[in-house]
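Engineer: how does the following fold in three dimensions:
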Amino acid sequence: MKHERHYTVDQANAALPWVVERVERLRAARDGFADEDAREALGEATPGNGGGEPGRVVSEAFLELQAAAGELDAMEVIVRDLERGLVDFPAMRDGREVYLCWEEGEDEITHWHETDAGFSGRQDL
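Structural biologist: Modelled structure (predicted):
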């Protein structure tokens with residue numbers, strides 16, 4: 001088995017608000033890295049000053065990314081696609097490890113797939 005923790009459907013559904021918050025934090029952090037003005041100013045900054053304000057923007061984005069990803073990892077929740085909000089929760093089904101699959105916009109978890117199948121292998125619960 002790949003995971004130590006396994007979710008029931010009820011546990012995974014209960015965790016969705018917590019997961020959504022972390023996905024939003026990951027997106028905000030990613031946007032901090034993508035801030036073109038900050039990246040340009042940081043590239044022009046001298047090594048001795050750490051980039052000033054642009055350096056702070058990028059540093060804070062990195063720390064936020066690290067924190068949110070670490071929290072998800074600690075709970076063994078897997079973000080498959082940050083843009084789509086596609087998330088997997090390890091679970092057990094018929095004695096084997098599978099993933100409960102949720103995509104942002106869905107009210108609750110209604111699908112699962114084999115660990116090697118991915119989104120295209122989603123099946124109704």
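Engineer: residue 9 reaches residue 111, doesn't it?
Structural biologist: No - at 10.3 Å, residue 9 does not count as touching residue 111 under the criterion of Cβ atoms under 8 Å. No exception for glycine: its C-beta is placed from N, CA and C like everyone else's.
Engineer: which neighbours do those two have in common?
Structural biologist: 100, 125 (Cβ atoms under 8 Å, 6 or more residues apart in numbering).
Engineer: where does the prediction get shaky in the protein?
Structural biologist: Scanning the chain for pLDDT under 70 picks out 35-57.
Engineer: just the helices in it please.
Structural biologist: For the chain, the helices defined by DSSP state H occupy 9-34, 36-44, 52-74.
Engineer: so which of these comes closest to residue 2?
Structural biologist: helix 52-74 (12.9 Å; Cβ to Cβ).
Engineer: now stretch 69-86: how far from the chain's centre is it?
Structural biologist: 3 Å (Cα atoms, centre = their mean, to the nearest Å).
Engineer: buried residues, it. List them.
Structural biologist: For stretch 69-86, a neighbour-count test (16 or more other Cβ atoms under 10 Å) marks 72, 75, 77, 78, 79, 85, 86 as buried.
Engineer: what does stretch 103-118 give?
Structural biologist: Buried, per 16+ other Cβ under 10 Å, within stretch 103-118: 104, 109, 111, 112, 113.
Engineer: next step: those residues restricted to strands.
Structural biologist: Per DSSP state E, strands hold the following members of these: 111, 112, 113.
Engineer: what's the closest non-adjacent residue to residue 104?
Structural biologist: Nearest in space to residue 104, with sequence neighbours left out and distances taken as Cβ to Cβ, 6 or more residues apart in numbering, is residue 85 at 2.6 Å.
Engineer: for that neighbour, give its distance to residue 93.
Structural biologist: 23 Å (Cβ to Cβ, to the nearest Å).
Engineer: now do residue 67
Structural biologist: 32 Å.
Engineer: give the contact list for residue 1.
Structural biologist: residue 97.
Engineer: next, the distance between the ends of stretch 103-120.
Structural biologist: End-to-end distance of stretch 103-120 (Cα to Cα, to the nearest Å): 13 Å.
Engineer: fine, thanks again, bye for now.
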